[in-house]
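1. Here is my input; please provide its structure:
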Amino acid sequence: MEGFKGHGLILVIVWFTSFTITITFAHMKGFGEQPLSKIAIHNTVLELRSSASITAHPFLLGNKGEDTEWVTVSIQLPEPSVDDWVGVFSPAIFNSSTCLAPDKISHFGEPFMCTAPIKYKYANHSDSDYTKTGNATLKFELINQRADFSFALFSGGLSTPKLLAVSNFISFANPKAPVYPRLALGKSWDEMTVTWTSGYDVDEAVPFVEWGPQGGKKTRSPAGTLTFNRNSMCGEPARTIGWRDPGFIHTSFLKELWPNLRYTYRLGHILSNGSYIWSKKYSFKASPYPGQNSLQRVIIFGDMGKAERDGSNEYADYQPGSLNTTDQLIKDLDNYDIVFHIGDMPYANGYISQWDQFTAQVKQISSRVAYMVASGNHERDWPNTGSFFDTPDSGGECGVPAETMYYFPAENRAKFWYKADYGMFRFCIADSEHDWREGSEQYKFIEHCLATVDRKQQPWLIFSAHRPLGYSSNKWYGMEGSFEEPEGRESLQKLWQKYKVDIAFYGHVHNYERICPIYQNQCVNSEKYHYSGTVNGTIHVVVGGGGSHLSDFTASPPIWSLYRDRDFGFGKLTAFNHSYLLFEYKKSSDGEVYDYFTISRDYRDVLACVHDGCEKTTLAT
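-> Numbering: from 1, shown residues only. Got it, this is the predicted structure:
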């Protein structure tokens, strides 16, 4: 590396070896949809040109504690092309020194580069005259990700990149600052957990949360610290070009909360010299007591993904509805109490930098209400790693980032199933990427979760999993003829019926669909919008339109499919009391209600016997 000063600007040129390879790693099956996978970074050829320049400003970001900043990048290139593009790299040094040792590389030889950018834009993104003038100005939104940044100008498109110029380095004032708090319910109803990311290991600083009732006395609770490394990943690209250090993930447990009381909190680190590093201040409302009769509102959806507000990475409109869903939920923050994101979160697919991007995208939500997550195929699945589905959908992550970046009250974080009590609700969250069939460990958990709820106090019993283990008229399920995930409801429907589950929610299929109250493929109630009386079947709802590319329905929908919408949206449950529940489907585009149903009943209706839903009786007197 060699640097020189000119016009008050430090320009850094990164020198590479002169070796090239022709592997097109980016198109391996399983994660080809991730926009960053379209860049064949190993194919990069070094063609640094003195006539090309790329500069970025401001040099220093976050002077007032901001964790998100806009950066202006200026390009000059005498021979511009429509295929020229700019990659954002962090850490700023991205030459072959960042590669694995030769004996750990899964291809022959050492490339110029083996680190994907964290985002990219075509040079003509904002200026259609770029190909005539060779001059362009691009705006990038950067988040604090614990390292400095540089910008690289490439020609040759994404498949045959030629590195022409590298910018000056820029960074946040405190790149290690605590950022992106994620609230989640603890294992006890009166506990809230706070998880966040920083650059401080435990030998540098002690993490904690300062918190207390709004306007009241504050206390401090310690935080545990976790991280993971490249060797924790199961395959490529997570172990290779997609790897990026995730920093340190801290979790604190705030206990003995008063029901429904609002608390304020801020994240803190005590440095070794005794000084303090603080985050911004945030607040949350504590959970209601189990069975408490108060207004309780729940958002539920799956498959949101992440998108870039600056227009980066928009290859084939990869996550077209992601920001609409996020923005509607931010806009409506005062009108719900808890979120369940049931799998397929950032679709990082092995590009670890995208987990930071996702936690930043949802921070206004997750810092205010409990953000509960479930495991999806794009978090967990990888061949020969114990996943129930032997697919490469996680890009080699095999569940590690999801299990570390977010807290959830499971007994074993690698087994992504748990129960969550919230007032009048009991949620049984299953992991569709692990075996759920009768006799399995997860099956026993599901039955225990359903069986142990006191329906007089918690009348609203909800089952959820990422894949549709119940019913979906999605096109590919229709082609298989079963309208479900294979082996989905075979074992579970007897549990749903026996324990009178009100509603089962799923993602995975990227649309919205509502199924009638159903048991063994038969609608057990002729009503369409208002259900009352005996719980004689479970309502199944697909809410997988959180933001990723949409899924088609089968041409001839089954009779049990009451409402279908191929659009982006999310579900909302509102429990008004122990006898009345409202479900609404809202579109992400406008936040309006497009489908709904209500359930009204008394406790005796839950006790009433239905087919396969009561213990056997005798005539004994």
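
2. For the protein, give me the ranges with low pLDDT.
-> 1-32, 101-111, 315-317, 618-621 (pLDDT under 70).

3. what's the helix or strand for residue 210?
-> strand 205-213 (DSSP states H and E).

4. from the chain's centre, how far out does that strand sit?
-> 25 Å (Cα atoms, centre = their mean, to the nearest Å).

5. For the next helix or strand after it, which helices and strands make contact with it?
-> Note on strand 205-213: by DSSP H and E, the next helix or strand toward the C-terminus is strand 219-226. If contacts are counted by 3 or more Cβ pairs under 8 Å, 6 or more residues apart in numbering; DSSP states H and E, strand 219-226 sits against strand 205-213, strand 248-254. For every residue, glycine as well, the C-beta is placed using N, CA and C.

6. what's next to the first one, contact-wise?
-> Residues outside strand 205-213 that contact it (Cβ atoms under 8 Å, 6 or more residues apart in numbering) are 178, 194, 198, 200, 218-223, 225, 248, 250, 252, 254, 258, 261-272, 277.

7. Quick check: neighbours of that strand in the sheet, parallel or antiparallel?
-> Partner strands and pairing direction for strand 205-213 (DSSP bridges) are strand 219-226 (antiparallel), strand 262-271 (antiparallel).

8. the inter-axis angle of the shortest one versus strand 248-254?
-> Computed with axes from the mean of the first three to the mean of the last three Cα atoms, to 10 degrees, the direction of strand 219-226 lies at 140 degrees from that of strand 248-254.

9. quick one on the thing from earlier: selection in PyMOL covering whichever of the contacts of strand 205-213 are buried, please.
-> A single PyMOL command is used to select the members of the contacts of strand 205-213 judged buried by 16 or more other Cβ atoms under 10 Å:
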select buried, resi 178+194+198+200+223+225+248+250+252+254+263+264+265+266+267+268+269+277
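
10. Report the buried residues of the strand holding residue 210.
-> Of the residues in strand 205-213, 205, 207, 208, 209, 210, 211 count as buried by neighbour count, 16+ other Cβ under 10 Å.

11. returning to that earlier point: quick one: which of the strands paired with strand 205-213 is nearest residue 496?
-> Each of the strands paired with strand 205-213 was checked against residue 496 via Cβ to Cβ, and the shortest separation belongs to strand 219-226, namely 34.9 Å.

12. quick one: that closest one to chain centroid distance?
-> Its chain's average C-alpha position is 23 Å from that of strand 219-226, according to Cα atoms, centre = their mean.

13. Residues contacting it, please?
-> Contacts made with strand 219-226 from outside it, assessed by Cβ under 8 Å, 6+ apart, are listed as 194, 201-202, 206-212, 248-255, 268, 404.

14. rerun at 7 Å
-> Under the contact criterion Cβ atoms under 7 Å, 6 or more residues apart in numbering, strand 219-226 has outside partners 202, 207-212, 248-254, 404.

15. Ok, stretch 523-532 next?
-> The set of residues that contact stretch 523-532 without belonging to it, under Cβ under 7 Å, 6+ apart, is 516-518, 536-537, 560, 562, 596-601.

16. If we use 6 Å, what do you get?
-> Outside of stretch 523-532, the residues within contact range by Cβ atoms under 6 Å, 6 or more residues apart in numbering are 516, 517, 536, 537, 560, 562, 597, 598, 599, 600, 601.
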